[in-house]
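Chemist: pasted the sequence and its predicted model underneath.
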Amino acid sequence: MNTTPSLQRLAREPSVTALDRARRIQRIKKLLVERDAVLVAHYYTDADLQALAEETGGYVSDSLDMARFGHEHKAKTLVVAGVRFMGETAKILNPEKRVLMPTLEATCSLDESCPADAFGAFCDAHPDRTVVVYANTSAAVKARADWVVTSSIALRLARHLAARGEKILWAPDRHLGDYVRRESGADILLWQGSCVVHEEFRSQALLDLKKRYPDACVLAHPESPAAVLALADMIGSTSAMIEAARTRPARRFIVATDHGILYKMRQAAPGKEFLEAPTGGHGATCKSCAHCPWMAMNTLATLETVLATGGPEIHIEESIRQRALEPVLRMLEFAASAKTEVLGLGNA
């Protein structure tokens, strides 16, 4: 299993002048038109990429909405600014479209923590369980699943399956799975994966920050450890967190997820203050410092290159794609029927 990318691989692109940056953005816009391409970007990518997606008729959202938007858009080419499983999900849904990514090295610690062969053996050892995998997994792992979920529908799906008397095998995020198990009461067997960003939030440091800002509302993503979630005023998916920032009366928020989301939060709630939840304190290693190292690989430079050269491109073996398609479609259908786009996971 790979570890987090080295500092050398993650070095940001060299500083450029404002004029050079503007020229690069204009060239990207021109190339998107020439390639009949649309840009979809995750909330955790750089603000420049999110703004560019919005300006060019693309989309910025969580992985569920990214997949849905790409499936429904008429463009022949999808450019996915995010991590590799997001590009694979787009290809699963759109085999006839070209799916490009700024880099295929942008993977995910959850994806890497759940290799397909080991996961298959885990499933074989528990044949009586319904297999539910988080979207943050490879196409090969999705192909083994009965259901794919994102954080926005995880709790509702667990309650739905529990009501049908089904026992669940959950992978890969143990913190999200544990939260869903506690809240739903479902019988859930957990795979032991975690997100390198959310794993680093520290409850004692968060408590200290809450004491400094007693008026602050704490928003937390459920991939965070249970001790962090216990201090949250609201627990939810990325989309639900943005909605909470917009609608809650608090003027100051402490945000326990990747700091890339602050672009959309400030856009949704101008005039409010957003503080990053601490990744320092006792026991901290700051492997992420609240930003996914793989998301950081998506830059204007890598985006320009992929549009100019036509690669790298996502390819999935057709037999795997077909098997993965069924649980992905099931996810989209369940999300649509449950109308969970902005409901999130609930409040602490």
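Modeler: Here it is on my side, so go on.

Chemist: who's in contact with Leu329?
Modeler: Applying CB atoms under 8 Å, 6 or more residues apart in numbering, we find Leu329 in contact with Leu93. In this view, the C-beta of every residue, glycine as well, is placed from N, C-alpha and C.

Chemist: now Ser109
Modeler: Here Ser109 is in contact with 4, 193-196 (CB under 8 Å, 6+ apart).

Chemist: could you find the lowest-pLDDT member of the residues you listed?
Modeler: Within these, Thr4 has the lowest pLDDT, namely 48.

Chemist: now the helix ranked longest in the chain, how far from the centre of its chain.
Modeler: Determined from DSSP state H, the single longest helix within the chain is helix 318-338. Distance of helix 318-338 from its chain centroid, counting by CA atoms, centre = their mean, to the nearest Å, is 17 Å.

Chemist: which parts of that helix are buried?
Modeler: Within helix 318-338, the residues that count as buried by 16 or more other CB atoms under 10 Å are 320-321, 323-328, 330-332, 334-335.

Chemist: in JSON lines: those, plus pLDDT and distance to Ile235.
Modeler: JSON lines is the format used below for the buried residues of helix 318-338 (pLDDT from 0 to 100; distance: CB to CB, whole Å):
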{"residue": "Ile320", "pLDDT": "98", "distance to Ile235": "33"}
{"residue": "Arg321", "pLDDT": "98", "distance to Ile235": "33"}
{"residue": "Arg323", "pLDDT": "98", "distance to Ile235": "32"}
{"residue": "Ala324", "pLDDT": "98", "distance to Ile235": "28"}
{"residue": "Leu325", "pLDDT": "97", "distance to Ile235": "30"}
{"residue": "Glu326", "pLDDT": "98", "distance to Ile235": "30"}
{"residue": "Pro327", "pLDDT": "97", "distance to Ile235": "25"}
{"residue": "Val328", "pLDDT": "95", "distance to Ile235": "25"}
{"residue": "Arg330", "pLDDT": "95", "distance to Ile235": "24"}
{"residue": "Met331", "pLDDT": "92", "distance to Ile235": "20"}
{"residue": "Leu332", "pLDDT": "90", "distance to Ile235": "23"}
{"residue": "Phe334", "pLDDT": "94", "distance to Ile235": "20"}
{"residue": "Ala335", "pLDDT": "89", "distance to Ile235": "18"}
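
Chemist: where does the chain have its least confident helix or strand?
Modeler: helix 63-72 (a mean of 86; mean pLDDT, DSSP states H and E).

Chemist: give me the angle between that one and helix 318-338.
Modeler: 110 degrees (axes from the mean of the first three to the mean of the last three CA atoms, to 10 degrees).

Chemist: now for the host helix or strand of Thr302, which elements pack on it?
Modeler: Thr302 belongs to helix 300-309 when assigned by DSSP states H and E. The contact analysis (3 or more CB pairs under 8 Å, 6 or more residues apart in numbering; DSSP states H and E) places helix 300-309 against helix 18-34, helix 47-55, strand 77-81.

Chemist: change it to 6 Å
Modeler: If you count contacts as 3 or more CB pairs under 6 Å, 6 or more residues apart in numbering; DSSP states H and E, helix 300-309 packs onto helix 18-34.

Chemist: hey, C-alpha coordinates of the helix it packs on in CSV?
Modeler: Taking C-alpha atoms only, helix 18-34 is exported to CSV below (Å, rounded to 0.1, in the frame of the first residue of the first chain):
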residue,chain,number,x,y,z
ALA,A,18,-0.8,37.5,-12.4
LEU,A,19,-0.6,38.0,-16.2
ASP,A,20,0.8,34.5,-16.8
ARG,A,21,-1.9,33.0,-14.5
ALA,A,22,-4.6,34.9,-16.4
ARG,A,23,-3.2,33.7,-19.7
ARG,A,24,-3.2,30.1,-18.5
ILE,A,25,-6.8,30.4,-17.4
GLN,A,26,-7.8,31.8,-20.8
ARG,A,27,-6.0,29.0,-22.6
ILE,A,28,-7.8,26.4,-20.4
LYS,A,29,-11.2,28.0,-21.2
LYS,A,30,-10.3,27.8,-24.9
LEU,A,31,-9.2,24.2,-24.7
LEU,A,32,-12.4,23.2,-22.9
VAL,A,33,-14.4,24.5,-25.8
GLU,A,34,-12.1,22.9,-28.4
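
Chemist: tell me the buried residues in that helix?
Modeler: Buried, per 16+ other CB under 10 Å, within helix 18-34: 24-25, 28, 31-32.

Chemist: helices or strands up against that helix?
Modeler: Secondary-structure packing of helix 18-34 (3+ CB pairs under 6 Å, 6+ apart): helix 300-309.

Chemist: now the angle from the helix it packs on to helix 47-55?
Modeler: Orientation check (the same axes, to 10 degrees): helix 300-309 against helix 47-55 gives 50 degrees.

Chemist: what sits up against helix 300-309?
Modeler: 13, 24, 28, 31, 48, 100, 102-103 (CB atoms under 6 Å, 6 or more residues apart in numbering).

Chemist: may I see the buried residues of stretch 299-314?
Modeler: 299-300, 302-304, 306-307, 312, 314.

Chemist: farthest-apart pair in those, please.
Modeler: Leu300 and Ile314 (20.5 Å; CB to CB).
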